[in-house]
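> sequence first, predicted model second:
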Amino acid sequence: MSALSESLKKYIGVQSETEIACDTVERGAVRRYAQAIMYEDPIFNTACENNARYGGPVAPPLFPNHMFRRAFGEPDPIQDNARNPDFDGIVAATSSQGLPAIEPLAGYALLNGGSEIEFFRYARHGETVKLTSRYADITEKETSKGPIILVVTESEYRNSEGELLIRTRRTQIRRK
């Protein structure tokens, strides 16, 4: 019997609302990110000959992917669930990128099936970044241990003028 029901297929193409990162591309955050990835290229810091063609200082290529976090004043889901013994630490808003939970897969284990990232343009210091995601595909695959469901999510990160910065394709493996 196929695990890929019609109720599951209806999620293909569902798109999130456009989310705006709570902070702009900010020099201090770029510095911390560059230090964390151990790639302190001068183009990320101040205007120089090597970043003049980009219009000044830029962020590392994958920086926009990490800009979407809880803003000041928003409830902290970890603190809200501190006394909940059933809370597993997974916060749906951060793992689903604004997409609704796929109800037919409730209770299924979730594994990372990999990511593909296309880079189009560096984000410049001071720019606002927007994110829109959609369920691009949901398929079933038979394995030696039974069926799995592959959920592919595509996300686009754009600046406020709509220029595409990066596009990601993430695959989740879901198993009963």
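Looks like it came in fine. Numbers count the residues shown, from 1 in each chain.
> look at Leu105 and say how many residues are nearby.
Using other CB atoms under 10 Å, Leu105 has 19 other residues around it. All C-beta atoms are positioned from the backbone trio N, CA, C, and that covers glycine.
> let me know the pLDDT of it.
pLDDT, Leu105: 93.
> that one contacts Ser5, correct?
No. The pair Leu105 / Ser5 is not scored as a contact, 10.4 Å apart, by CB atoms under 8 Å.
> can you pull out the helices in this protein?
Counting by DSSP state H, the chain has these helices, from start to end: 6-9, 27-36, 77-80, 92-96.
> in JSON lines, list those along with mean pLDDT, mean neighbour count and distance to Glu17.
JSON lines is the format used below for the helices of the chain (pLDDT from 0 to 100; neighbours: other CB atoms under 10 Å; distance: least, CB to CB, whole Å):
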{"stretch": "helix 6-9", "mean pLDDT": "90", "mean neighbour count": "12", "distance to Glu17": "22"}
{"stretch": "helix 27-36", "mean pLDDT": "97", "mean neighbour count": "14", "distance to Glu17": "24"}
{"stretch": "helix 77-80", "mean pLDDT": "87", "mean neighbour count": "12", "distance to Glu17": "19"}
{"stretch": "helix 92-96", "mean pLDDT": "49", "mean neighbour count": "13", "distance to Glu17": "12"}
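> turn these into TSV, columns for distance to Arg175.
Below are those laid out as TSV (distance: least, CB to CB, whole Å):
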stretch	distance to Arg175
helix 6-9	14
helix 27-36	32
helix 77-80	25
helix 92-96	16
